[in-house]
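Peer 1: I'll drop the sequence and a predicted model, then ask my questions.
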Amino acid sequence: MSLPISGDVGAQEIDITNETSSQHHSEAPYIHKVGIPPKQNLLQEITATVKETLFADDLFRQFKDQPRSRKFIIGIQSVFPILEWGRHYNLTKFRGDLIAGLTVASLCIPQGIAYAKVANLDPQYGLYSSSVPPLIYAFMGSSRDMAIGPVAVVSLLLGALLGEEIDPDIHPLDYRRLAFTATFFAGITEVVLGFFRLGFLIDFLSHAAVVGFMAGAAITISLQQFKGLLGITKFTKKTDIVSVMRSVWSTVNHGWNWQTIVIAVTFLAFLLLAKYIGKKNRKLFWVPAIAPLISIILSTFLVYITRADKHDVAIVGKVKKGVNPSSVNEIFFTGTYLAKGFEIGVVAGLVALAEAIAIGRTFATKNNYQLDGNKEMIAQGTMNVVGSMTSCFITTGSFSRSAVNCMTGCQTTVSNMVMSCVVLLTLELITPLFKYTPNAILASIVISATVGLIDIEAILLFWKIDKFDFATCTGACLGVVFVSVEIGLLIAVSISFAKILLQVTRPRTSILGKLPRTTNYGDILQYPEAKKVPGVLIVRVDSAIYFSNSNYIRERIWRWLGDEEEYLKENHQPRIQYLILEMSPVTNIDTSGIQALEELHKSLQKGNIQLVLANPGPVVIHKLHASKFTDLIGEDKIFVTVSDAIVTYKIGEA
């Protein structure tokens, strides 16, 4: 009779063994021996590790058993997905993409102008960045819902980092050149990560860190809009809340403009009302989508007919007409700013990439299609490299515009093409009309857009579920708000790494007991009804055993053993004879881990306690055999299940 292998079921933290005692024989049931996987040579091990790390999705599966010509076509299609789905494109799909593209363009145009201001660039650069990158993405992107263009957080980060190197008011040309340089290196970073399939590095920036950083950035962006909302002419270049509020209150008696305030407050209320209407009634999603464009048209018309600009109401001024000019010669490929451009580009590129991947995965899951993260990185990087050469600053996916794109019925990335064409027509024909657009309306648009970046529900969920995640989130947020954008990002990354290190170096261990009327063993803290087996201490290690945690695990097991023996002595119960390590959660072990087990075994022998292993995985058992540890403790001390060990040594009731 065979006995199925037991395993750990994760969240329930219970060791399931489906074995049954023999009902047909009076003898002890047959006990399975732990299997040893086939031995691999060094090359096979390296190949398997690299494949699992970089090609976990089996990138080359679609090339198998295909003729050479077909492989070439598949390769081209993998780089340009449009060549694959474009064969099935039809008028019905175009109708959906046309409506979606036109709707998103109505939102993209005012936001592009506003986000250029956030990045301390002239407004036309926001429109440039909303035209070329979406076209590139339409050919290479794998998310049909993502709308490409400037976004608030990346614009703020770029503006803050660039502003530390060059003052945009004193040296506007060098500032713009450094922005293009940073955009170029941001794109190169994204392409390299995608090409070498290093997308998993983005996952080190935890969800809690991203939520906190986005919330802090939203607050910082909103605070900086007080300059436009109140009509302040002299405003601090710093982004921290203390400097901003000091700059606001120091001008309260002589720097505020009441006409500007009226315009800003009126249209901000209109935008927030439109957003509320769209949230309350999903069928009216188009209301908040077109509200920013309506606000720009109305406010521009009012300023023009009343000549409010003559009464110190700041306006956008002349917006350069024409499509994207070349900026290849403006990128710093040499000189003192090259290193800074690279540094800023890497940081901003990673943040932009993290936002794009999060958005892409969200909509892919919602609409039930696959998103290839590495292809997405290459697409994002390519569009930024090309963008840097066509007067664009860093672009990525926008959550608000992607949501509008999805809700308006987009079918493919053609919606980005439509949006791009509308923006190009705007640059060619309509930009002179933006001359009298008040800066106050741009500030209102930015504030209304960034409000949605503060995810209150997620923050409350962090508090309920994981206090460490909550600390990560609040630390990132407070760092951005009270110090600077880059410090907030550094805090977010540092706390995320601290969490990883803490979990790796201090893994969880637990004592198991036998659940009544079953052959299952569960954590006695989770299952109070679980009973300890007399004479046995069963310990489960919920982590791989590495050099970073091997000493802790050994010492923690000793502490469990010491506490248990002290308790047994006080209650006059039989002493511990066996220590069973339940190893199903132990996915790997290194030489330090094996050495720790050897030291534990020697120490247990001095106390006449036998070390027994239960359910070691294939990687672990292979290494234990290679190190001769199995010879040290004996093959008869290694079992498939805890229950097998108990039955074999006839301890308690199996």
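Peer 2: Yep, that arrived.
Peer 1: Could you give the number of residues near residue 94?
Peer 2: Other residues lying near residue 94 total 16 when counted by other Cβ atoms under 10 Å. From N, CA and C alone the C-beta is placed, and that goes for glycine too.
Peer 1: ignore the last one, residue 558
Peer 2: Residue 558 has 14 nearby residues by other Cβ under 10 Å.
Peer 1: And for the one 5 residues further on?
Peer 2: By the other Cβ under 10 Å criterion, the neighbourhood of residue 563 contains 12 residues.
Peer 1: Determine the set of other helices and strands touching the strand or helix carrying it.
Peer 2: Here residue 563 is covered by helix 550-570, with elements defined by DSSP states H and E. Helix 550-570 sits against strand 509-514, strand 536-541, strand 578-582, helix 591-606, with contacts defined as 3 or more Cβ pairs under 8 Å, 6 or more residues apart in numbering; DSSP states H and E.
Peer 1: Tell me if I'm right that residue 217 and residue 154 touch.
Peer 2: No. Contact criterion Cβ atoms under 8 Å: residue 217 and residue 154 do not qualify, at 9.1 Å.
Peer 1: Between those two, point out the one with more neighbours.
Peer 2: It is residue 217, of residue 217 and residue 154, that has more neighbours when counted by other Cβ under 10 Å, with 29 against 26.
Peer 1: residues in contact with that one?
Peer 2: By Cβ atoms under 8 Å, 6 or more residues apart in numbering, the contact list for residue 217 reads 152, 153, 156, 157, 450, 453, 480, 485, 488.
Peer 1: Give me the pLDDT value at the residue nearest to it when sequence neighbours are not counted.
Peer 2: The shortest distance from residue 217 to any non-neighbouring residue, by Cβ to Cβ, 6 or more residues apart in numbering, is to residue 153 (4.5 Å). Looking at residue 153, its pLDDT reads 91.
Peer 1: Beyond whatever helix or strand residue 153 lives in, next helix or strand please.
Peer 2: Assessed by DSSP H and E, residue 153 sits inside helix 152-163. Per DSSP H and E, helix 152-163 leads on to helix 172-195 as the next helix or strand towards the C-terminus.
Peer 1: mind listing what's buried in that following helix?
Peer 2: By 16 or more other Cβ atoms under 10 Å, the buried positions in helix 172-195 come out as 174-191, 193-194.
Peer 1: returning to that earlier point: neighbour-wise, give me the winner out of the contacts of residue 217.
Peer 2: Most surrounded of the contacts of residue 217: other Cβ under 10 Å gives residue 480, at 33 neighbours.
Peer 1: In contact with that one: list those residues for me.
Peer 2: 213, 216, 217, 219, 220, 239, 487, 488, 489.
Peer 1: Can you report how many residues neighbour the nearest residue to residue 118 once chain neighbours are set aside?
Peer 2: Spatial nearest neighbour of residue 118, excluding adjacent residues (Cβ to Cβ, 6+ apart): residue 155 at 4.2 Å. Residue 155 has 29 neighbours, counted by other Cβ under 10 Å.
Peer 1: Residue 155 touches residue 392, doesn't it?
Peer 2: No. Look at residue 155 against residue 392 with Cβ under 8 Å: they stay out of range, at 12.0 Å.
Peer 1: Make sure residue 382 is actually in contact with residue 187.
Peer 2: Yes. Using Cβ under 8 Å, residue 382 is in contact with residue 187, at 6.8 Å.
Peer 1: Quick check: residue 382 vs residue 191, distance?
Peer 2: From residue 382 across to residue 191, the span is 6 Å (Cβ to Cβ, to the nearest Å).
Peer 1: Which secondary structure elements does the helix holding residue 153 sit against?
Peer 2: Other helices and strands packing on helix 152-163, by 3+ Cβ pairs under 8 Å, 6+ apart, are helix 91-118, helix 172-195, helix 207-224, helix 337-367, helix 439-450, helix 485-505.
Peer 1: and the angle for the longest one with helix 152-163?
Peer 2: Meaning helix 337-367. In terms of direction (axes from the mean of the first three to the mean of the last three Cα atoms, to 10 degrees), helix 337-367 departs from helix 152-163 by 170 degrees.
Peer 1: what's helix 337-367 packed up against?
Peer 2: Applying 3+ Cβ pairs under 8 Å, 6+ apart, we find helix 337-367 packed against helix 152-163, helix 172-195, helix 207-224, helix 373-388, strand 396-398, helix 399-407, helix 485-505.
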